[in-house]
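J.: take this sequence and fold it.
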Amino acid sequence: MTASSSGPSPRGGSSPFESTAAPPPECPAHAAHGPNSAEGQAASEPAPPKGRRPVDGLADLFGTENERDPMGLYERLRAEHGPVAPVQLDGGLHAWLLLGYRENLEVTRTPSRFSRDSRRWRDLKEGNVAQDSRLLPVVAWQPTCMFADGADHERLRGAVTESMGRIDRRGIRRHIMRFTHQLVDEFSTRGKAELVGQFAEHLPMMVLTHMIGMPEDYSDRMVQASRDLIKGSENAVESNDFVTGTIRQVVRRKKQEPGRDLASWMLEHRSELSEDEVVQHLRVVLLTGYETTANLVANTLRMVLTDRRFRASLAGGHMTLPDAVEHVLWNEPPLTVVPARWATGDTELGGQQIREGEMLLLGLGAGNVDPAIRPDIDAPMLGNRSHLAFSSGPHECPGQEFGRAITDTGIDTLLMRLPDLHLAVAEDELDWRASWVSRHLVALPVAFTPRRRKSDEDAELLAEPLGGAGLPGPGAAAATANGGGTEGRPASATATATAPDGGAVAPDGARVPGQTRRPSLWQVVSEWFRSR
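T.: Numbering: from 1, shown residues only. Below you'll find the model as predicted:
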């Protein structure tokens with residue numbers, strides 16, 4: 001595909017990033033910046049960079065159009081520019097957004113042409129990046145595998161992947177279930193909930209902080225800080241300092257008291273990472289893992305509750321929950337844009353001339369729906385994991401299986417607890433919010449039949465007399481010795497029958513305490529679909 005002639009093109013020597021709105025010579029703007037101005041005379045004391053002048057007509061990923069409808073913006077840019085489009089970011093900084101599936105793969109799989117090292121960034125070298133830029137917490141160089149190539153990348157990434165490989169997969173699913181029960185217990189008795197703020201935004205952070213080795217009470221404070229960083233909010237720099245400082249405290253504690261967690265395993269890894277390298281890698285694991293998984297949980301829940309095709313397929317046994325997760329990863333990837341790569345030299349990509357040091361953004365959302373590889377967007381993608389949701393190449397997400405596990409195990413446990421869960425508002429009332437890198441659901445209000453807390457059920461089960469569980473209780477031996485059952489009745493009079501739901505019923509029709517079996521998964525799923 002070639003770039004359309006309807007949009008600006010660098011062919012012919014001009015750059016799409018050059019502003020065409022320069023002030024005329026007599027304009028005071030020239031005098032304000034000329035050699036005789038106060039600014040020019042104070043050249044020996046340069047002011048900190050304030051960013052570039054925004055280019056009129058150039059799409060702004062921090063602008064209102066992207067906030068309202070990022071996927072619509074990507075399609076407009078695809079029509080105007082082809083698979084690679086010029087965009088601007090916070091402070092008027094320039095970048096190329098990759099819209100084509102093949103172009104995304106080409107960039108991610110050829111680090112010799114497109115590096116992860118942000119120290120190559122042309123705008124940074126030219127002094128165009130403000131010190132308080134909202135991009136810096138995400139793209140500023142750090143001593144991690146995310147910003148390394150070649151041998152350095154292999155050494156650093158090896159420490160991450162090998163440490164993750166030590167995590168017990170079955171054990172982590174048990175923790176996911178435990179955390180899910182904790183969250184559901186907070187609203188199960190009310191008959192209503194808001195599943196983004198009360199579930200999707202908290203479950204991933206609870207699991208990730210546990211994996212890293214943080215105390216469980218850290219997770220709530222980390223949620224808001226992580227959101228600030230990903231959104232690029234005004235508090236992004238302060239939130240970054242909080243996250244990094246908290247992780248550093250954990251790492252220093254693990255030096256003295258190692259445990260079975262990522263922080264301890266990375267500290268003892270044979271690659272001999274420095275404290276700063278461990279801190280920064282754990283920060284990457286926490287932030288990228290949290291945002292992607294929180295969005296994936298929310299988007300999959302929305303699909304389960306609103307997409308009749310999914311419910312029909314699930315009832316008929318043709319689509320499992322993991323299948324639904326992959327469907328969401330194709331059509332609603334957790335991150336729509338991933339920063340970044342930097343050109344190692346002047347090159348051509350998708351009909352555009354890319355200069356050395358220019359930034360390229362991976363357009364995962366746009367690439368997944370590229371008409372060149374998906375001419376029929378409604379065609380089922382069951383069993384196809386070739387989407388871009390977790391990137392590709394040497395920097396492909398190393399924790400993607402944990403994201404899948406948190407999503408499908410968490411949602412499966414939620415549906416077992418609340419089998420008649422349903423949307424409490426019309427689907428068209430759902431609201432979305434987009435940042436420059438992601439689009440997430442603001443709220444997902446639901447209703448259901450109020451249920452007891454699992455913690456209360458467990459406590460009651462532990463408090464039941466042994467006789468209630470079908471074992472001899474206190475006084476049972478004496479009753480038997482007297483030739484009768486409980487309360488002097490013959491033993492046969494106390495025999496229990498089985499109720500249709502699997503519980504035990506005494507001859508007088510009363511349910512015997514502690515004799516109710518948990519419903520099977522099939523019973524739960526069947527009940528949920530009957531309620532629809």
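J.: ok, residue 370 touching residue 84?
T.: No. Look at residue 370 against residue 84 with CB atoms under 8 Å: they stay out of range, at 11.9 Å. Quick note: C-beta positions are derived from backbone N, CA and C, even for glycine.
J.: overlap in contacts of the two?
T.: 99-100 (CB atoms under 8 Å, 6 or more residues apart in numbering).
J.: look at those two and report which has more neighbours.
T.: Ranked by neighbour count (other CB atoms under 10 Å), residue 370 and residue 84 place residue 84 first, with 25 against 21.
J.: can you pull out the strands in the stretch 201-350 of the chain?
T.: Counting by DSSP state E, counting those that start in this stretch, the stretch 201-350 of the chain has strands at residues 338-343, 347-349.
J.: same question, the chain
T.: Remark: strands assigned in the chain by DSSP state E are 84-88, 94-98, 114-115, 192-194, 338-343, 347-349, 352-354, 359-362, 422-423, 432-434, 439-441, 445-447, 497-498, 504-505.
J.: export these as JSON lines, with columns for distance to residue 131.
T.: Formatted as JSON lines, these follow (distance: least, CB to CB, whole Å):
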{"stretch": "strand 84-88", "distance to residue 131": "19"}
{"stretch": "strand 94-98", "distance to residue 131": "18"}
{"stretch": "strand 114-115", "distance to residue 131": "23"}
{"stretch": "strand 192-194", "distance to residue 131": "38"}
{"stretch": "strand 338-343", "distance to residue 131": "18"}
{"stretch": "strand 347-349", "distance to residue 131": "30"}
{"stretch": "strand 352-354", "distance to residue 131": "27"}
{"stretch": "strand 359-362", "distance to residue 131": "18"}
{"stretch": "strand 422-423", "distance to residue 131": "45"}
{"stretch": "strand 432-434", "distance to residue 131": "26"}
{"stretch": "strand 439-441", "distance to residue 131": "28"}
{"stretch": "strand 445-447", "distance to residue 131": "41"}
{"stretch": "strand 497-498", "distance to residue 131": "72"}
{"stretch": "strand 504-505", "distance to residue 131": "70"}
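J.: need those in CSV (columns: distance to residue 413 and mean pLDDT).
T.: Formatted as CSV, those follow (distance: least, CB to CB, whole Å; pLDDT from 0 to 100):
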stretch, distance to residue 413, mean pLDDT
strand 84-88, 40, 98
strand 94-98, 37, 97
strand 114-115, 41, 98
strand 192-194, 14, 98
strand 338-343, 30, 96
strand 347-349, 44, 98
strand 352-354, 47, 97
strand 359-362, 33, 98
strand 422-423, 17, 96
strand 432-434, 26, 92
strand 439-441, 20, 92
strand 445-447, 15, 98
strand 497-498, 27, 40
strand 504-505, 26, 40
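J.: ok, which of these comes nearest residue 294?
T.: strand 439-441 (7.4 Å; CB to CB).
J.: partners of that closest one, with directions?
T.: The pairing partners recorded for strand 439-441 under DSSP bridges are strand 432-434 (antiparallel).
J.: select the longest helix from this structure.
T.: Longest helix in the chain by number of residues (criterion: DSSP state H): helix 275-306.
J.: buried set for that one?
T.: Neighbour-count burial for helix 275-306 flags 277-305 (criterion: 16 or more other CB atoms under 10 Å).
J.: that helix versus strand 338-343: what angle between them?
T.: Interaxial angle, helix 275-306 versus strand 338-343 (axes from the mean of the first three to the mean of the last three CA atoms, to 10 degrees): 130 degrees.
J.: low-confidence bits of the protein, can you list those?
T.: Applying pLDDT under 70 to the chain picks out residues 1-15, 18-53, 230-233, 309-319, 459-532.
J.: and the strands of the stretch 201-350 of the chain, which is most packed in?
T.: Of all the strands of the stretch 201-350 of the chain, strand 338-343 carries the top mean neighbour count, a mean of 23, counting by mean count of other CB atoms under 10 Å.
J.: what helices or strands is that strand leaning on?
T.: Judged by 3 or more CB pairs under 8 Å, 6 or more residues apart in numbering; DSSP states H and E, the packing partners of strand 338-343 are strand 114-115, helix 136-139, strand 359-362.
J.: what would these look like in CSV with distance to residue 442?
T.: Listed next are the helices and strands packed on strand 338-343 as CSV, based on distance: least, CB to CB, whole Å:
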stretch, distance to residue 442
strand 114-115, 34
helix 136-139, 22
strand 359-362, 24
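J.: out of the ones you listed, nearest to residue 179?
T.: Judging those by CB to CB, what sits closest to residue 179 is helix 136-139, at 27.1 Å.
J.: for the residue positioned nearest the centre of the chain, give me its contacts.
T.: For the chain, residue 292 is the residue whose C-alpha lies nearest the centre (CA atoms, centre = their mean; 1.5 Å). Residues in contact with residue 292, defined by CB under 8 Å, 6+ apart, are 334-335, 390, 397, 403.
J.: one more time with 6 Å, if that's ok
T.: With contact set as CB atoms under 6 Å, 6 or more residues apart in numbering, residue 292 has these partners: 334-335, 403.
J.: for residue 297, which non-adjacent residue is spatially closest?
T.: residue 200 (4.1 Å; CB to CB, 6 or more residues apart in numbering).
J.: now do the same contact list for the one you found.
T.: Listed by CB under 6 Å, 6+ apart, the contact set of residue 200 reads 294, 297-298.
J.: same thing but at 7 Å, please
T.: Residue 200 makes contact with 294, 297-298, 301 under the criterion CB atoms under 7 Å, 6 or more residues apart in numbering.
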